[in-house]
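A.B. asks: Below are the sequence and a predicted model; questions follow.
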Amino acid sequence: MTVVLFQLANGLVWGWVVALVALGLSLIYGVLRVINVAHGAFYMLGAAVGVVLYEPLQSALGNAPGAFALVLVLSPLLVGAFGALLEATALRPLVERGRWVMTIVTTFALLLILQQGAQLLLPGVRSVPAPLAGGVELLGLRYPLYRLVLAGIAVLLIGLTALFLYKTRFGLWARAVRQDRELALSLGIPAPWVYSGTFALGTALAAAAGWLTAPVVSVDPRMGMDILLQSFLVVIVGGLGSLRGAVVAALLLRLAEGLFAVGFDPVSARALALFLMGALLLWRPHGLFGREEVSS
Amino acid sequence: MKGFVSGGNRSISRRVLPLALGLVSVIALGSAPLWLDAFSLSFLLKVLIWGLFAASFDVLFGYAGLLSLGHSVYFGLGAYGAAWMTLSYGPEVFPWALGAGVLLGGLAAAAIGALAVRTGSHGFIIVTAVTALIAFLGAQSRRDLTGGDDGLTLSAMPLALGGWRAGCADPGPAYLFALGIVLLGLGALGTMIRSPLGLALRCLRENELRAQALGYDVYALKWLAFTVAGLGAALAGALYALVNCHVSAALFGWLVSADVLIWTLFGGAGTLVGPLVGTGVFLSLRELLSDLWPAGYPVLVGLALLGIARFLPRGLVGGLRTRGLGPTRKGEGP
């Protein structure tokens, strides 16, 4: 029973992390129509930048949780600004000309450059100690406190993003561009701002997820690939461009994997969860919440 | 939409010139063992095999307009199919090993293609990327089958021509064997592209709705393109395993899918010859850089991709051709 509970708790925690990464991916796709293959690299960058900043900040502040929280603000800001810069220089000329195949080629190139660049600058595997020690008793199960906090922050960030999208002027613009780009442009919505802002927001979310998970996993240049696979999958299974679908599918994927992990070894559990997602896709080729693509 | 330009004299020169160029290159390639040393011959063979792989990718990307980020899966399966057959039954059965690799890769492409082409054009890219990641992670975790990063080592094909024996470092007569297979494979792909099926694929690339309205079964066409491309990739992979005598899980990796994309784009997607040229250029570049800065190669590939996407969207051969249905027009869709 405790095993089942433990796996479910793990699935829930990781489900929210994947949802956080996939939310950014889905947002970027919805507004820019760019499939950001480099998204996993921004997740990795969030953790790598965090590793670089954490040590000096910790000795300056003398307080591990405080330094961790500060990095959680700084790292997404830096990565988001970097993302906006990359969007403005490399992607926008292609987005504006509607060369969407070339946008994928470009993000693919960014993935190679960022991943290999990180390999050259920060080689090897690093680990970050959890800023909060201790555990919580949950129905007879002792669960690490930090992981619960991690899931809580992920939920909070997803909620804040939703609020941002539905309650602010920028969010209104972004949703307008997502629904009908031509119409939005003709109404005078400043598209360059919306593009850069959305890309910055999406990459910042990935970076936040990267730094949040840094104490749980090991930080290395290839750490983004696994989460990229899962985010891609949940974005597709949830329905391309559907933010709600991505979150639902992420929780579904990780909870299913957690349940399968009770009876099978981790690799088989992962494979079974992936097969489940494939079956869902066969059942609904356009995703759980997706609509059929309309080509104009 | 401009395009189909037809002119009397131009079309004749357009037919004669490629034919002459093709004939000269076949003669040059066939006589290469006479004027190349073992190292250069082995390098040329690698270019040919990877070039076949790039050409098979071009059928899918350049002609059918489907961007796959997971084409390495079928190359890898072809290589491992041939490797497993050779390891089980010895190097004497190499024709069967070739067949086993093609069968394995082709079947996988037929199965994955049936799912992937149904998910829409954007979904297709993601599904292929996901299959590539799954194949790579699977190959890494099943070290007992694949050998992981260390890979599997095979013995050379027992080919001999007089006293000229095939080896792993010096391909020898294996070069002629592989050249023949590569030319057959390229010929088959070229024939398909020139057939009505190839025209239907291009129609699909230019306008899917119109293709549908014309009565084409777009799913069947896409699936067929995916499967043929997978077969071509598997053939290249199987040849690679037999000639190279070594396969590893890295064949499934991202870099292989990235490489084939950049070779095709650089040479010119939708030209079939372009990807071969691109392969030659980039493999030579890598050979040069491997001494100077091996870790930097992926970074340079990435930078080159950025530049191509921005400034050379039609590629080398595509840019040279004045007519031709370049891949850029496909990119100017919705």
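C.D. replies: Perfect, thanks for sending it.

A.B. asks: Show me where chain B has its strands.
C.D. replies: Ranges of strands within chain B are B:152-153, B:160-161, B:164-165, B:246-247, based on DSSP state E.

A.B. asks: by contact count, what packs against the longest helix seen in chain A?
C.D. replies: Criterion DSSP state H: the longest helix present in chain A is helix A:2-32. Packing contacts for helix A:2-32, counted by 3 or more C-beta pairs under 8 Å, 6 or more residues apart in numbering or on different chains; DSSP states H and E, involve helix A:39-61, strand A:141-144, helix A:145-167, helix A:169-179, helix A:191-213, helix A:224-238, helix A:243-263. No exception for glycine: its C-beta is placed from N, CA and C like everyone else's.

A.B. asks: looking at those, which is closest to residue A:79?
C.D. replies: Counting by C-beta to C-beta, residue A:79 lies closest to helix A:191-213 out of the helices and strands packed on helix A:2-32; the figure is 3.6 Å.

A.B. asks: Give me the angle between the longest helix of chain A and helix A:191-213.
C.D. replies: Relative orientation of helix A:2-32 versus helix A:191-213 (axes from the mean of the first three to the mean of the last three C-alpha atoms, to 10 degrees): 160 degrees.

A.B. asks: Look at residue A:136 and give its secondary structure.
C.D. replies: Of the three states, residue A:136 takes strand according to DSSP: H, G, I helix; E, B strand; the rest coil.

A.B. asks: wait, isn't it in contact with residue A:146?
C.D. replies: No - contact between residue A:136 and residue A:146 fails when scored by C-beta atoms under 8 Å: they sit 10.1 Å apart.

A.B. asks: These two: which is more packed in?
C.D. replies: Neighbours per residue, other C-beta atoms under 10 Å in any protein chain shown: of residue A:136 and residue A:146, the larger number sits with residue A:146, 21 against 13.

A.B. asks: rewinding a little: so for residue A:118, which of the helices and strands packed on helix A:2-32 sits nearest?
C.D. replies: Proximity to residue A:118 (C-beta to C-beta) singles out helix A:39-61 among those, at 5.5 Å.

A.B. asks: That closest one: how far from the chain's middle?
C.D. replies: Helix A:39-61 sits 16 Å away from the centroid of its parent chain (C-alpha atoms, centre = their mean, to the nearest Å).

A.B. asks: Those residues of the stretch 151-300 of chain B touching chain A, which are they?
C.D. replies: Residues of the stretch 151-300 of chain B found near chain A (C-beta under 8 Å from any C-beta of the partner chain) are B:208, B:209, B:254, B:255, B:258, B:261, B:265, B:295, B:296, B:298, B:299.

A.B. asks: In this structure the third one contacts residue B:132, no?
C.D. replies: Yes - with the criterion set as C-beta under 8 Å, residue B:254 and residue B:132 qualify as a contacting pair; they are 6.8 Å apart.

A.B. asks: picking up where we left off before, reformat the strands of chain B as a markdown table; add distance to residue B:278, mean neighbour count and mean pLDDT.
C.D. replies: Shown next, in a markdown table, are these (distance: least, C-beta to C-beta, whole Å; neighbours: other C-beta atoms under 10 Å in any protein chain shown; pLDDT from 0 to 100):
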| stretch | distance to residue B:278 | mean neighbour count | mean pLDDT |
| --- | --- | --- | --- |
| strand B:152-153 | 29 | 17 | 88 |
| strand B:160-161 | 31 | 12 | 74 |
| strand B:164-165 | 31 | 14 | 76 |
| strand B:246-247 | 23 | 22 | 92 |
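
A.B. asks: Let's have the ones you listed in JSON lines, adding distance to residue B:286.
C.D. replies: Listed next are the strands of chain B as JSON lines, based on distance: least, C-beta to C-beta, whole Å:
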{"stretch": "strand B:152-153", "distance to residue B:286": "22"}
{"stretch": "strand B:160-161", "distance to residue B:286": "30"}
{"stretch": "strand B:164-165", "distance to residue B:286": "28"}
{"stretch": "strand B:246-247", "distance to residue B:286": "17"}
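
A.B. asks: one step back: pLDDT (mean, whole number) over the longest helix of chain A?
C.D. replies: If you average the pLDDT over helix A:2-32, you get 91.

A.B. asks: Please report which of the residues of the stretch 151-300 of chain B next to chain A has the highest neighbour count.
C.D. replies: Neighbour counts for those peak at residue B:265, which has 30 neighbours (criterion: other C-beta under 10 Å).

A.B. asks: Can you give me the neighbour number for the closest residue to it other than its chain neighbours?
C.D. replies: Take residue B:265 and drop its neighbours on the chain: the residue closest to it by C-beta to C-beta, 6 or more residues apart in numbering or on different chains is residue B:308, 5.1 Å away. Residue B:308: 22 surrounding residues under other C-beta under 10 Å.

A.B. asks: And residue B:308, how close does it get to residue B:60?
C.D. replies: Counting by C-beta to C-beta, to the nearest Å, the separation of residue B:308 from residue B:60 is 18 Å.

A.B. asks: about what we covered before: among the strands of chain B, which is nearest residue A:32?
C.D. replies: strand B:246-247 (38.9 Å).

A.B. asks: Quick check: can you name the pairing partners of the closest one and their directions?
C.D. replies: Here strand B:246-247 has these sheet partners by DSSP bridges: strand B:152-153 (antiparallel).

A.B. asks: from the chain's centre, how far out does the strand it pairs with sit?
C.D. replies: Relative to its chain's centre, strand B:152-153 lies at 23 Å (C-alpha atoms, centre = their mean).

A.B. asks: List the contacts of the residue positioned nearest the centre of chain B.
C.D. replies: Residue closest to the mean C-alpha point of chain B, counted by C-alpha atoms, centre = their mean, is residue B:53 at 1.6 Å. By C-beta atoms under 8 Å, 6 or more residues apart in numbering or on different chains, the contact list for residue B:53 reads B:71, B:75, B:232, B:233, B:236, B:237, B:260, B:279.

A.B. asks: and the stretch 101-250 of chain A, which of its residues are near chain B?
C.D. replies: The stretch 101-250 of chain A comes close to chain B at residues A:101-106, A:108-113, A:115-117, A:119-120, A:225-226, A:228-229, A:232-233, A:235-236, A:240, as judged by C-beta under 8 Å from any C-beta.

A.B. asks: Next, the angle helix A:39-61 makes with the longest helix of chain A.
C.D. replies: Orientation check (the same axes, to 10 degrees): helix A:2-32 against helix A:39-61 gives 110 degrees.

A.B. asks: what about residue A:193, distance to chain B?
C.D. replies: Relative to chain B, residue A:193 is positioned 22 Å away (C-beta to the nearest C-beta, to the nearest Å).

A.B. asks: can you count the residues close to that residue?
C.D. replies: 13.

A.B. asks: I'd say residue A:100 and residue A:33 touch.
C.D. replies: Yes - between residue A:100 and residue A:33 there is a contact at 5.9 Å, judged by C-beta under 8 Å.

A.B. asks: Excluding residues flanking it in the chain, which one is nearest residue A:132?
C.D. replies: Using C-beta to C-beta, 6+ apart and skipping residues adjacent in sequence, the residue nearest residue A:132 is residue A:146, 4.6 Å away.

A.B. asks: for that neighbour, what are its contacts?
C.D. replies: Contacts for residue A:146 (C-beta under 8 Å, 6+ apart) come out as A:130, A:131, A:132, A:133, A:215, A:216.

A.B. asks: about what we covered before: want to throw the helices and strands packed on helix A:2-32 into TSV with mean pLDDT?
C.D. replies: Listed next are the helices and strands packed on helix A:2-32 as TSV, based on pLDDT from 0 to 100:
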stretch	mean pLDDT
helix A:39-61	92
strand A:141-144	84
helix A:145-167	93
helix A:169-179	90
helix A:191-213	94
helix A:224-238	87
helix A:243-263	90
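
A.B. asks: Cool, thanks, signing off.
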